[in-house]
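*Asks:* Structure for the following, please:
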Amino acid sequence: ALHKLQLGLLRRGFECLEVGGTLVYSTCSLNPLENEAVVQALLADPSAELLCWDPLNSDCFQEGLTTWKVPDEHFEENG
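*Replies:* A predicted model of the protein is given here:
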């Protein structure tokens, strides 16, 4: 899993964001550790705010996962 790398990239983008700016996070992975878990980790930062987004009122999007299994605390080092 690339959770640590993805989180670093997202945090860096957040740090570069101007006040009132918009940050869009997208991956080509289906792994929730690289998607939902990364976003959740960023949202633990009190200065991060999640806004509702309705992409053109489209039905082609679905809500992300709210729970996921992490193999162990060293999953990135162990592969």
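
*Asks:* tally of neighbours for the nearest residue to T66 once chain neighbours are set aside?
*Replies:* Excluding its sequence neighbours, the residue lying closest to T66 (Cβ to Cβ, 6 or more residues apart in numbering) is E36, at 7.5 Å. For the C-beta atoms, the positions are set from N, CA and C on the backbone; glycine is no exception. Counted by other Cβ atoms under 10 Å, the residues lying close to E36 total 16.

*Asks:* now S29
*Replies:* 13.

*Asks:* centroid residue for the chain?
*Replies:* In the chain, the C-alpha nearest the mean C-alpha coordinate belongs to V39, at 2.4 Å (Cα atoms, centre = their mean).

*Asks:* Does that residue fall in a helix, a strand, or a coil region?
*Replies:* At V39 the chain is in helix, as set by DSSP: H, G, I helix; E, B strand; the rest coil.

*Asks:* P46 too?
*Replies:* Assignment for P46 (three-state DSSP): coil.

*Asks:* So what's the residue count around it?
*Replies:* P46, neighbours per other Cβ under 10 Å, totals 6.

*Asks:* Over to K4?
*Replies:* K4 has 15 nearby residues by other Cβ under 10 Å.

*Asks:* per-residue confidence at it?
*Replies:* Listed pLDDT for K4 reads 89.

*Asks:* does it sit in a helix or strand, and which one?
*Replies:* helix 3-16 (DSSP states H and E).

*Asks:* gap between that helix and the chain center?
*Replies:* 9 Å (Cα atoms, centre = their mean, to the nearest Å).

*Asks:* how about that helix: buried residues?
*Replies:* Neighbour-count burial for helix 3-16 flags 3, 6-7, 10 (criterion: 16 or more other Cβ atoms under 10 Å).
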